[in-house]
Structures are given as structure tokens and as C-alpha cells.
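Colleague: Show me the folded form of this:
(2 chains)
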Amino acid sequence: MSDDAFVQFSEVQKSYDGETLVVKNLNLDIARGEFVTMLGPSGSGKTTCLMMLAGFEPATHGEIYIDGTAINKMAPHKRGIGMVFQNYALFPHMSVAENVAFPLQVRGYAKSDIEDRVNRALDMVRLRDFGSRRPAQLSGGQQQRVASARALVFEPKVVLMDEPLGALDKNLREEMQIEIKHLHEDIETTMVYVTHDQSEALTMSNRIAVFDDGVVQQLASPPELYERPVNAFVAYFIGENNRFYGTVKESDGDWCKVELEGDGNTVTALPVNIAGVGERTTLSLRPERVVVNPNEGQCDNVLEGVVRELIYLGDHIRTRAVVGDNEDFIVKIPNAQGHAQLEKGQSVRFGWAAEDCRALDA
Amino acid sequence: MAQSDNANPEVMTTSDGTPLKESLRRSMRRNRIKALLLVAPLGLFIFFSFVMPILTMMYRSITNPEIIDHLPRATAELRAWTPAESDLPPESFFRAISLDMLTADEEDRHIGRAGGQLNYEIPGARSMLGRTGRAVTSLDEPPDSWKDFILEQHRLWEDPATYQIMQRQMNPITAQYYLNALDFRYDAEGNIERQPEFQRIYVELYWRTLWVSALITGLTILLGFPVAYLLANLPMRISNLLMILVLLPFWTSLLVRTSSWIVILQSQGVLNDILVLLGVVADDNRPRMIYNMIGTVVGMTHILLPFMILPLYSVMKGIPPSYVRAARSLGANPVVAFFRVYLPQTVAGIGAGSILVFILSIGYYITPALIGGSSGQLISNFIAYHMQSSLNWSLAAALGGILLVAVLILYYFYNKLIGVDKMKLG
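Modeller: Residues are numbered from 1 along each chain as shown, chains lettered A, B, ... in the order given. Model (predicted):
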């Protein structure tokens, strides 16, 4: 166990039916004060991990530690974890203030102390005047803030959030993302956040654990994850990308040559996760890294393509083209001064740098 | 007209100038009529089969038409007389009552009805009127004094109290049945007094009915709550099976279920045999578990249990597990989480189930009648007795009326405390 791990999953496995593993050998270290997001499609095991951490599901195998203590056999109410649920789970029969006071009451705090802390917590989420209301009388965003206040009021060691913004509309969601991020910065508690929304994860997290098929595919900071995905799933799941399939022809460690399937063109790529020369690989290329009609020698790779569709999106023009075998080659052309004017059916040269084209697992 | 409407800025109009409200009314009329026609059959059915009978019975519980209808002339004479004048009414009254008796047949009146009515308060009054009636009709010619003739027929005619009671019975509206239903009565002077000790039965019966109903409600909550919880929280496959186990008895005939308790609980029954076999009780000392209050309570609890389980289940089904989880993660142990978070959210279900079970129990008839014995009888059994055996429908109506008022009061408090709009019934 590493020294700086505050929350640690050690070889954790989980099965519900004894036949399939929902979580396969999870090893995850979360540092004190860190904001870690578990990101993945539904059924990837991320919520199960959260439930094991909160104590609502037992781990089938392995240990979970908080601050060095194994918590597998500890009842949920003794773990000192604050949790915000997907639909907030605010107790409908209690007022907002009673909801926030609940964790303090069950811990036997003194009455005056409770009042004090509740007021401070409501101040923190800017709902001081709403203490006597019922949860049902609040808007979705306000309910979310009450749920956060309730999970934070007893200064838990760890705060868990299970898709807490899923029920909000887009604008409010973006607002709340920033708000939760600031809350975390203010109180410096350790946060574990579960979502399937990648932009949410990128906005808020110190590090993101990308889940798929019960395995953490990559654990990295948001820029790292976006710029340098280690495998095809992460590249596909985080942001948009163009994919080519091909065979590695030669590799010298720094660069590799890949022969594309179909048209037989060869491109230079950054070998990230290739099995070796002669093996299949997936090339991943971000649409915003593609240059339209590059100058001679500007790009390492240049391929011909035909424009199929232009979608005007205001800040950029989304262009779909056919390049080699790839019918869905997407290019984002920024709507800037003097941007390339393309037309449907036009033949265009697309170029990109070798380091932007990552050779990943097939 | 359109012009004048437009001239008035207060009235909203459509583009052609018709007032908006009228236009709206016209456009909704078809729908309103359609809706009305759809509920009309049920409305009529409820009116004739439910509202009307209740109103008739309520009317019967306070009216007193027998003396007025069947002895009209005597009534008129007796109204004119006051007991202060003399001990007995004057000759004119006796002439009038004889005339009433002589003309009863041709005017389609029944002296016996009046007699039966008087008999509730003056034991023997029925035979007094019957005997006198026969004597009067068999006379060939009128006697010198009707008063002397009639006084000879029955000793009750010589009692001044007879006339006072008759006078009171002439009042078309009376509280006597409600007084009787609450173990009170009028004394000879018309004052309200309690019934003599041995005739006080109804107040005790009401209390018994109320506490038995409360007991049954409490038992169904205790037994039904865990079942409803399992129904709402077990996996679908198992909970469906459990639901069938709950509903199966519900679909079985009431009589079958009640009499199966006889098989189980009687002194030579299944349960007693098992207890004897296990040596818990001696063979010659088998406990009596049926034809008494135990039988009533056991049978009714069993029969009314689904009425508690179903509303509870429907409320519990709507409580997501995240509430209790949230409480647990916030530091509440399982007991605290249950009592502070789960239980309060089931109050609507407990309330709905309780009011259903309680109201059903206070009017329950068949189970106590079959397995209640004499000590397990409830008020409804006495209402049935007065309807079917004693034929004192007015008293039955008064007993039922008090029951109805009790239910309405309960309903009022339920609405105040929990709110009828929160009631969920399966």
C-alpha cells in the first residue's frame, strides 16, 4: 500500500451472480484531498465500486482501505462517508434544515452546535433562507445543493457523489459542475465522483478513472486522458476521434509506420499501445488536429479525401469526408477569419502531425 | 351585441366578438355532457341503492308516525288535554279512540302498529289496545260512557303515565331511539334518564366495537408491515409469489375463510389437537379459542389483513432504497434509519390501511356472527338483530346512525392529520 493513498482499492473483485465479474481486479489509489471521477458507460462497474466504498455492496474479493483502515466489514454508518445520490434522496418529510441536521443529530452533536453547523453549511451552498422549506418546494439545482450540504456538514473523510447532476438540464448542470468544483477547492475533502458524462468529468476532476468492462482502462488527469489515451476505448470514449485500422509495418520505438486497410496508404504514427510489427492496430486522430489542404511539408501525413457533408455549428463547421476506408472522417474547421471554404463533393487533402496520430490496440 | 362587448374593455372576447368565457363554455359543453352521461348510470345506482336507503333509515330513526297515523282522532283529543287538568283524559278522548278503532279497517289503519310502538315504552300496551279494540268493535250499541267502558278493558288505562307516554309518542320527531341507542330513556315525566342497569347494553357494545376494531387495526399493522415490506423489496419473482399468497385468501369466500377458523380453533380442532399433542395443554383443559372474543379478533384480523397490506405495499413500492441508504451513509444505524427515515414515509400507507381496516371492522357483521359466540358480538350484530328479529327498525337505524357519525368523525380527523389526498389504496 502506497503512503499517499487515502482511499485505496486493492485487488477488488465483485460478482452479483457468481458467474460474471462486474468489477475485475480493481486497484485504485486516491490521494487525500483529491477529486477523482469514475467515468464509464452504464454497466461498466463504476457505480458498483462506489457502492462498495459506501458499504452498500460487499466486495466479493479484495480490500478497500480508507486512511489505512480496511473497511470491508465496517457498517455503512461507521465509515464516515458523505454521499450524494443520483436523485439526492432528500428526506421528503423533513425540512431542508432538518435534512442537513440529520447527520449531526444521529452523531449526537449538541443542539447549539448543530444549529451552527447547519447554518454554515446552508451558507456555503447559498440556501440560508430556505431552511424551513420542504425539499419538494425547491428547484432541482437547489435540491442538489441541499444534498451536497447534507453530505458535507459533518466533515466526512470522503464524499461520494453518484451522478449527482444527472437530473438537471444542461445549463444548470454546467453551473453546478463549477459550483461543486469550487466547493471541493474550498473544503479540500477527498471526493469520489461517478458519472457517464465525459465533459463533466473533464471539468471537475483532478484525475479520471475510465471504466469499461469492470476494469479501469486509464487513470489520468483530464489533459493526459484526452491528449494521450492509452487504448482505443479511452480514445473513443473521451471526446471525438477518427479511427483508422491498419497493420504495423515497422516501428523504431519513437515512430511507427502503419499500412492502412483498404487503400494501402502508409501513415506515420506514435506507437502507444501496439502489439508489435505485423500486428493490427487502431489509429486515433482528434478531429480538431486535422489540417485542411496543408502546405507542402507542413504535415507528416497527408491523405486525399472527398467531402460528403458540411454541418454548420456556429463556432465550427463539422465536416464529414471519406478518407480511404473511413466513411466517417470528421474534421472540425474553426469558424475563424479566412477559414477553408469547402463544398460537398470536393476533393481535399487532409494532413496531420505524426504525434497527433496515436497507434493503439486493435 | 358584439359591438357592446368590444366596447367594454373588461370582457375578453374572441375575434368575432363573443365573450371568451361563453365561447369556452360552449366549446367545452360537449365534453361536459359526455362526461356526465358516462357517470350517470353509476350516479343513479349509488343514489337509489346507497344514498336513498341511508336517508330513509336516518329519517326512520327520528320519526314517530305510528300513533299519529293509526290513531288520528285520539291524537287530536289528547293534544288538547294536559295532565295538569286531571288524572285521566276526558270522555271526548275515549270517544275519539273508539271511533279510531271502529273505523280502522275501512280507513286502512292498523291499531296493532300503534300498539307495537307504545309497547316499546309501556310493556303491555299492545295487548291493551288489542283487547280494547276487539271489545269496541264487538259492541252492538255505544255505551253511556266510553270512558268507563274502556277503563274496564285493561288496567293500564287507569294509569296516568299511559297517557303521558302516548302524548310524547304523538310527537312526529323523537329522540327516543337515539336515547335508547345510548342506553338512555324518557321517564314517565318525559325527563331523560339512564336505562336501568340490566338494560344498558349498547354503550358497552360501542366501546367493545371500538376497542376491538382498534385492536384489529393494530394487529394488522404489526402483521402486515413486514409482509408489505418484503413485497415491496424482494426480487420480482419471489414477491409475485408472496403477493399471490396475500391475495389468494382475499379471493376466497368470506364464509369459507371464517368457517375454516372454526376447524382450526374449536376445542377439538387442529390447533388444540397440536397443543395437546405437544403437551402444552392438558387434554381435559383445552382452551376455548372460538365462539368468544378471541375467535372474533383472530378471524377478523385474518380477513382484514389484505386491506392493510395492499395500501402499505403501494406506498412502500414508491420509496426508493436510496432514502435508507442515504440515512445510513449519513451516519444513522439501521434502527435509527428505519424509525426516522423509512417509517415516516410509510405514514400515508399506515393511515390508509388503518382507516380502511378500522372502518370495515366497526361495521363487521359476518365473522362475529359466525365465530364470535355471545361475548364476541359487535354492534353490527345487534343492528342486524333489530332489523331481522325484533323488527325495531327505528332503533336499528339509530344504532347505525351513531356508527355512521363515528365513521365520519374518524374520517374528518384522518383528513386533518394525514390528508385524504395522500391516501393510496393499492
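Colleague: and the helix or strand residue A:145 falls within, what's its mean pLDDT?
Modeller: Using DSSP states H and E, residue A:145 sits in helix A:140-152. For helix A:140-152, the mean per-residue pLDDT is 91.
Colleague: Over to stretch B:221-230?
Modeller: Mean pLDDT, stretch B:221-230: 95.
Colleague: hmm, who's touching the top strand by length along chain A?
Modeller: Using DSSP state E, we find that the single longest strand of chain A is strand A:301-312. For strand A:301-312, contacts defined as C-beta atoms under 8 Å, 6 or more residues apart in numbering or on different chains pick out A:265, A:267-268, A:294, A:317-324, A:327, A:329, A:342-354, A:357. From N, CA and C alone the C-beta is placed, and that goes for glycine too.
Colleague: same check, this time on stretch B:270-290
Modeller: Stretch B:270-290 is contacted by residues B:261-269, B:294-295, B:298, B:371, B:373 when judged by C-beta under 8 Å, 6+ apart.
Colleague: quick one: buried residues of it?
Modeller: For stretch B:270-290, burial by neighbour count (16 or more other C-beta atoms under 10 Å in any protein chain shown) applies to B:271, B:272, B:275, B:276, B:286, B:289, B:290.
Colleague: and the two most separated of those residues?
Modeller: Across the buried residues of stretch B:270-290, no pair lies farther apart than B:276 and B:290, at 15.9 Å, counting by C-beta to C-beta.
Colleague: Find the nearest non-adjacent residue to the residue of the stretch 101-250 of chain A found nearest chain B, please.
Modeller: Chain B sits closest to residue A:103 of the stretch 101-250 of chain A, with a gap of 3.9 Å, by C-beta to the nearest C-beta. In space, and not counting its chain neighbours, residue A:103 is closest to residue B:330: 3.9 Å by C-beta to C-beta, 6 or more residues apart in numbering or on different chains.
Colleague: picking up where we left off before, now the angle between helix A:140-152 and whatever helix or strand comes next after the helix holding residue A:145, please.
Modeller: Downstream of helix A:140-152, the next assigned helix or strand under DSSP H and E is strand A:158-162. Per axes from the mean of the first three to the mean of the last three C-alpha atoms, to 10 degrees, the angle that strand A:158-162 makes with helix A:140-152 is 150 degrees.
Colleague: now the angle from the helix or strand that comes right after strand A:158-162 to strand A:158-162?
Modeller: The helix or strand immediately downstream of strand A:158-162 is helix A:170-187, counting by DSSP H and E. Between the axes of helix A:170-187 and strand A:158-162, defined by the same axes, to 10 degrees, the angle is 170 degrees.
Colleague: show me where chain B has strands.
Modeller: Assigned by DSSP E, chain B shows strands spanning B:184-186, B:192-194.
Colleague: With respect to burial, which of these scores highest?
Modeller: A comparison of the strands of chain B by mean neighbour count, using mean count of other C-beta atoms under 10 Å in any protein chain shown, puts strand B:184-186 on top with a mean of 18.
Colleague: That one packs against which elements?
Modeller: Packing partners of strand B:184-186 (3 or more C-beta pairs under 8 Å, 6 or more residues apart in numbering or on different chains; DSSP states H and E): helix B:176-181, strand B:192-194.
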